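In: Whatever this is, show me its structure:
(4 chains)
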Number of protein chains: 2
Amino acid sequence: MAETEDSPVARGLLPRLIGYQLRRAQVAMFRDFARRVTAAEDITPALFGMLQVIAANPGLAQSRLAEAMGVERSAIVKVVDQLEARDLIARQPSPRDRRSHSLHLTAAGQDRLARLEELVLAHEAEFAGRLSPEEQAQLLSLLDRLHD
Amino acid sequence: MAETEDSPVARGLLPRLIGYQLRRAQVAMFRDFARRVTAAEDITPALFGMLQVIAANPGLAQSRLAEAMGVERSAIVKVVDQLEARDLIARQPSPRDRRSHSLHLTAAGQDRLARLEELVLAHEAEFAGRLSPEEQAQLLSLLDRLHD
DNA sequence: TATTGTTATACTCTATAACTATA
DNA sequence: TATAGTTATAGAGTATAACAATA
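Out: Have a look, this model is predicted:
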């Protein structure tokens, strides 16, 4: 049974905390990414990030990728497995170190990434469209200065 | 064996994406929260958020809390169990609906929350200290306008 | 019929520790 | 000795589906 009124829930000092607003904005943006990108191309924000870094650093070793993404190298293995199983990237033997795997985009991966970039940029433009271009640039700059 | 130079890993168009910078800033801020707050008081950002919302809405039902936090009500159960086991909150029978639990801070919970708020505000001030007060206010406003 | 709290279950993400093959 | 990739395992966090009590 529907009651009388839905008075909104109070949030104490949360709305004044940058950490809280950062988290809320990030969750909202991931939700939009899921609707616009993941639903169409089955690529999560994390996977997109991996593809970007691999594309920008051909031959990158898994350990370097792990460092760049801020996760343990053991956690990279399954991600690389997935991307390789989908023929987006390939593990190649490193010419310098026989322990190491050199990561590269496949031709299919490059095509796919080009399409993904369009979708991601459209998602960004639409979601950040609530802010003027000047405000978007300001936000980027403030966020960039916030992390080390 | 240490090699020659650590050339930083390129990140493609990630640094120009608000979603990416939002995520990085959020992760960095959670890391600082963990160092300054969780290490001292064993309260995560999520638990602190729950306490804030319960404190600001005495008698709140678990379902309302779940809605406010954006998670399923089944996921709230364990969290409330934890906070109750630590004597920070209490489940009380609702006077209006015998299915419902009214959540309240305990006296100990109120003391604890007061101390937590000091720690959290110190963490915020320190972390956001890289930005001027005007910039911090600007960031808060931009983030607030970004989510629905 | 619908909602509240609960349980069981599964899935994702991540960290730790140990192993192997190389360096 | 140290590092690269791998595996196994465990712990959060979250979603889904079902259930009993109550509305």
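In: low-confidence ranges in chain A?
Out: Along chain A, segments meeting pLDDT under 70 span A:1-6.
In: Chain A: strands as residue ranges?
Out: A:60-61, A:89-93, A:101-105 (DSSP state E).
In: Relative to residue A:54, how far out is the residue positioned nearest the centre of chain A?
Out: Geometric centre of chain A, nearest residue: residue A:45, 2.9 Å, by C-alpha atoms, centre = their mean. Look at residue A:45 and residue A:54: by C-beta to C-beta, to the nearest Å, they are 15 Å apart. Any C-beta I mention is one placed from the backbone N, CA and C, and that applies to glycine too.
In: May I see the strands of chain A organised as JSON lines, with distance to DNA strand D added?
Out: Formatted as JSON lines, the entries for the strands of chain A read as follows, by distance: least, C-beta to the nearest atom of the strand, whole Å:
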{"stretch": "strand A:60-61", "distance to DNA strand D": "4"}
{"stretch": "strand A:89-93", "distance to DNA strand D": "6"}
{"stretch": "strand A:101-105", "distance to DNA strand D": "4"}
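In: Out of those, the one nearest DNA strand C is which?
Out: DNA strand C sits nearest to strand A:89-93 of all the strands of chain A, at 9.8 Å, using C-beta to the nearest atom of the strand.
In: Is that closest one positioned near chain B?
Out: No: Strand A:89-93 stays clear of chain B (C-beta under 8 Å from any C-beta of the partner chain), getting no nearer than 14.0 Å.
In: tell me the angle that strand makes with strand A:101-105.
Out: 150 degrees (axes from the mean of the first three to the mean of the last three C-alpha atoms, to 10 degrees).
In: Okay, buried residues for strand A:89-93 please.
Out: Buried residues in strand A:89-93, defined by neighbour count with 16 or more other C-beta atoms under 10 Å in any protein chain shown: A:89-90.
In: Report all helices and strands that the helix ranked longest in chain A contacts.
Out: Longest helix in chain A by number of residues, with DSSP state H as the criterion: helix A:107-127. Contact here means 3 or more C-beta pairs under 8 Å, 6 or more residues apart in numbering or on different chains; DSSP states H and E; on that basis helix A:107-127 packs against helix A:18-33, helix A:39-41, helix A:45-56, helix B:18-33.
In: cutoff 6 Å now
Out: Using 3 or more C-beta pairs under 6 Å, 6 or more residues apart in numbering or on different chains; DSSP states H and E, the elements in contact with helix A:107-127 are helix A:18-33.
In: how far out from the middle of the chain is the helix it packs on?
Out: Centroid displacement of helix A:18-33 relative to its chain, using C-alpha atoms, centre = their mean, to the nearest Å, is 13 Å.
In: for it, which positions count as buried?
Out: A:18-26, A:28-30, A:32-33.
In: For that helix, which outside residues touch it?
Out: With contact meaning C-beta atoms under 6 Å, 6 or more residues apart in numbering or on different chains, helix A:18-33 is reached by A:14, A:45, A:123, A:127, B:19, B:22-23, B:25-26, B:29, B:128, B:140, B:143-144, B:146-147.
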